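Colleague: sharing a model prediction with you, sequence too.
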Amino acid sequence: MTNRDLFFRHIAQTSPAPIAIEVKKAEGSIITDGEGKKYIDCIAGISVCNIGHRHPKVIKAIKKQLDQYLHVLVYGELIESPQVAFATLLASQLPPYLNAVYFTNSGTEATEGAMKLAKRYTGRPEIVAFHKSYHGSTQGALSVMGDEHWRSAFRPLLPGITHCPYNDYDSLKLITTKTACVIAEPVQAEAGVIVPAKEWMQALRDRCTITATLLIFDEIQTAFGRTGTLWGFEKFGVAPDVLLLGKALGGGMPLGAFIASRSVMECLSSDPVLGHITTFGGHPVSCAAGLAALKVLLKKKVPDTVQSKEDLFLKLLSHEKILNIRSQGLLIALEFESAAIAKVVVEKCIQKGVLTDWFLFAPECIRIAPPLTITEKEITSACQLIVQAIDEL
């Protein structure tokens with residue numbers, strides 16, 4: 001029985017038609033399958049592999065940590081140098097008040113922890129989220145997901161959640177002194193790369209400040225240079241009270257985090273203790289990998305290269321059947337007439353050796369979100385193949 005047969009027999013499936021490429025190797029921006037076919041990776045593990053697959057510095061850091069220790073005790077009890085060093089570097093790149101890092105297993109868990117933090121700190125019961133937002137798939141994160149199609153099969157969910165239009169000034173009136181937090185993506189990724197007005201983001205920040213509501217920015221997809229700045233929120237001249245990280249945070253290893261001020265985060269440590277607890281969150285190997293990845297990103301000034309690569313994609317992805325292109329850095333959505341057409345384009349791209357996919361709330365669009373280290377030559381090749389795929393519609 002082949003690995004493909006065993007995959008479909010023993011691996012729990014998330015859809016009726018997974019991509020099902022058998023991965024043999026991944027290096028830089030290239031994935032190689034079991035038969036030696038190469039694919040230009042234009043989704044980077046859904047914005048995970050920002051400095052490419054298996055960066056030498058990350059591999060070296062992982063191997064070094066393997067020789068020291070793996071898991072030793074439940075998170076937060078022992079001083080583990082990879083956690084300390086990584087949290088310190090993260091804090092140095094953020095506004096000074098965002099200085100307390102809680103490492104989790106994933107971005108979804110970061111959402112869960114931040115929601116608990118907001119309720120605990122404010123003593124308030126309500127949360128405001130936005131239509132077509134995505135914050136994870138567990139029960140709490142699902143409750144703030146902005147699409148009823150994906151929520152309805154799992155009700156009842158958390159009470160006290162209000163969903164409202166994104167980038168809409170009237171929505172801000174729903175933020176009151178009963179609101180514990182507002183959770184928002186600086187760029188709505190799964191909606192098909194929706195970028196709000198800078199003025200609206202500033203009005204959102206002002207409304208949260210006036211009502212003493214915690215503003216949570218979900219940067220799980222947009223952080224670490226994806227939008228052309230280290231943090232997506234830098235584009236708008238505002239900053240959050242709580243920052244959610246995941247995906248690229250671990251340099252290819254599983255890791256998430258929520259970050260707030262020490263004064264806010266302290267409420268989880270008493271009355272009762274263990275306000276949030278995780279066994280494997282902040283795993284030392286994941287933190288070592290993430291620390292190495294962030295050092296590469298900063299030393300090589302990778303975010304500074306994103307704008308020119310975005311421009312090259314936009315220049316080369318010209319086709320009459322592409323109805324619209326929305327982008328923010330190397331997070332790009334190509335919109336087609338229907339989801340059925342986008343699905344065919346994705347399939348043809350994969351056949352030709354370009355790995356791409358669709359967006360959760362915008363199935364009529366295909367996703368272009370490669371490693372930020374993708375070369376101009378690889379961009380040119382990928383775009384030629386994508387255009388060829390569209391030509392064959």
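Modeller: On my side now, so go ahead.
Colleague: neighbours of the nearest residue to residue 379 once chain neighbours are set aside, how many?
Modeller: Nearest in space to residue 379, with sequence neighbours left out and distances taken as CB to CB, 6 or more residues apart in numbering, is residue 312 at 5.2 Å. In short, each C-beta sits where N, CA and C put it, glycine included. Applying other CB atoms under 10 Å, we find 15 residues neighbouring residue 312.
Colleague: tell me the spacing between residue 312 and residue 194.
Modeller: 23 Å (CB to CB, to the nearest Å).
Colleague: equivalent analysis for residue 290, please.
Modeller: Taking CB to CB, one finds residue 290 at 28 Å from residue 194.
Colleague: where do the strands sit along the stretch 101-250 of the chain?
Modeller: According to DSSP state E, counting those that start in this stretch, the stretch 101-250 of the chain carries its strands in the segments 126-130, 161-164, 179-184, 214-218, 242-245.
Colleague: quick one, grab the pLDDT at residue 255.
Modeller: Listed pLDDT for residue 255 reads 98.
Colleague: mind pulling up the phi and psi values for it?
Modeller: Phi and psi for residue 255, reported as degrees, to the nearest 10, are phi -170, psi 140.
Colleague: thinking it is in contact with residue 287, fair?
Modeller: Yes: in this structure, residue 255 is within contact of residue 287 by CB atoms under 8 Å, at 6.9 Å.
Colleague: find residues that contact each of the two.
Modeller: residue 103 (CB atoms under 8 Å, 6 or more residues apart in numbering).
Colleague: the nearest residue to residue 363 once chain neighbours are set aside and residue 354: what is the separation?
Modeller: The shortest distance from residue 363 to any non-neighbouring residue, by CB to CB, 6+ apart, is to residue 339 (3.7 Å). As defined by CB to CB, residue 339 lies at a distance of 19 Å from residue 354.
Colleague: so which of the two has more stuff around it?
Modeller: residue 354 (26 against 13).
Colleague: contacts only, for that one.
Modeller: 39-40, 42, 382, 385-386, 389.
Colleague: list buried residues within those residues.
Modeller: Applying 16 or more other CB atoms under 10 Å to the contacts of residue 354, the neighbour count classes 39-40, 42, 382, 385-386, 389 as buried.
Colleague: now the residues you listed as TSV including secondary structure, distance to residue 26 and pLDDT?
Modeller: Shown next, in TSV, are those (DSSP: H, G, I helix; E, B strand; the rest coil; distance: CB to CB, whole Å; pLDDT from 0 to 100):
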residue	secondary structure	distance to residue 26	pLDDT
39	strand	9	98
40	strand	12	98
42	coil	13	98
382	helix	16	98
385	helix	18	98
386	helix	20	98
389	helix	22	98
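Colleague: mind putting these into a markdown table with distance to residue 139?
Modeller: Shown next, in a markdown table, are the buried ones among the contacts of residue 354 (distance: CB to CB, whole Å):
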| residue | distance to residue 139 |
| --- | --- |
| 39 | 35 |
| 40 | 37 |
| 42 | 32 |
| 382 | 38 |
| 385 | 40 |
| 386 | 37 |
| 389 | 38 |
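Colleague: circling back: next, format the strands of the stretch 101-250 of the chain as CSV and append mean pLDDT and mean neighbour count.
Modeller: Compiled in CSV, the strands of the stretch 101-250 of the chain are given as follows (pLDDT from 0 to 100; neighbours: other CB atoms under 10 Å):
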stretch, mean pLDDT, mean neighbour count
strand 126-130, 98, 24
strand 161-164, 98, 18
strand 179-184, 98, 26
strand 214-218, 98, 28
strand 242-245, 98, 27
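Colleague: nearest to residue 93, of those strands?
Modeller: strand 242-245 (10.9 Å; CB to CB).
Colleague: name every strand pairing with the closest one and say which way it goes.
Modeller: strand 214-218 (parallel), strand 256-260 (antiparallel) (DSSP bridges).
Colleague: chain center to it: distance?
Modeller: Once both centres are worked out by CA atoms, centre = their mean, to the nearest Å, strand 242-245 turns out to sit 11 Å from its chain's centre.
Colleague: quick one: residues in contact with that strand.
Modeller: Against strand 242-245 from outside (CB under 8 Å, 6+ apart): 90, 94, 98, 107, 110-111, 114, 117-118, 135, 181, 214-220, 223, 231, 233, 256-260, 264.
Colleague: cool, stretch 189-205 as well?
Modeller: When contacts are defined by CB under 8 Å, 6+ apart, stretch 189-205 is touched by residues 47, 132-134, 146, 166-169, 172, 182, 184, 186-188, 215, 221-222, 233, 235-239, 326-328, 331-333, 335, 359-362, 364-365.
Colleague: what comes up buried for it?
Modeller: Neighbour-count burial for stretch 189-205 flags 189-196, 200-201, 203-205 (criterion: 16+ other CB under 10 Å).
Colleague: one more: stretch 292-299?
Modeller: Buried, per 16+ other CB under 10 Å, within stretch 292-299: 292-298.
Colleague: which residue ranges make up each domain of this structure?
Modeller: Split into domains by automatic domain parsing, the chain comes to 3-54+302-391, 57-299.
Colleague: got the end-to-end distance for the longest one?
Modeller: It refers to domain 57-299. Counting by CA to CA, to the nearest Å, you get 12 Å between the two ends of domain 57-299.
Colleague: same deal with the first one?
Modeller: Chord length of domain 3-54+302-391, first to last residue, is 33 Å (CA to CA).
Colleague: same check on stretch 73-90?
Modeller: End-to-end span of stretch 73-90 (CA to CA): 23 Å.
Colleague: how about stretch 248-267?
Modeller: Across stretch 248-267, the terminal residues are separated by 28 Å (CA to CA).
Colleague: now stretch 147-163
Modeller: Stretch 147-163: ends 9 Å apart by CA to CA.
Colleague: neighbouring contacts of that stretch?
Modeller: Counting contacts by CB under 8 Å, 6+ apart, the residues touching stretch 147-163 from outside are 125-132, 139-140, 142-146, 174, 360-361.
Colleague: what do you get for stretch 208-217?
Modeller: 114, 117-118, 121-122, 124, 128, 175-177, 179-186, 204-205, 207, 232-233, 239-244, 260, 264.
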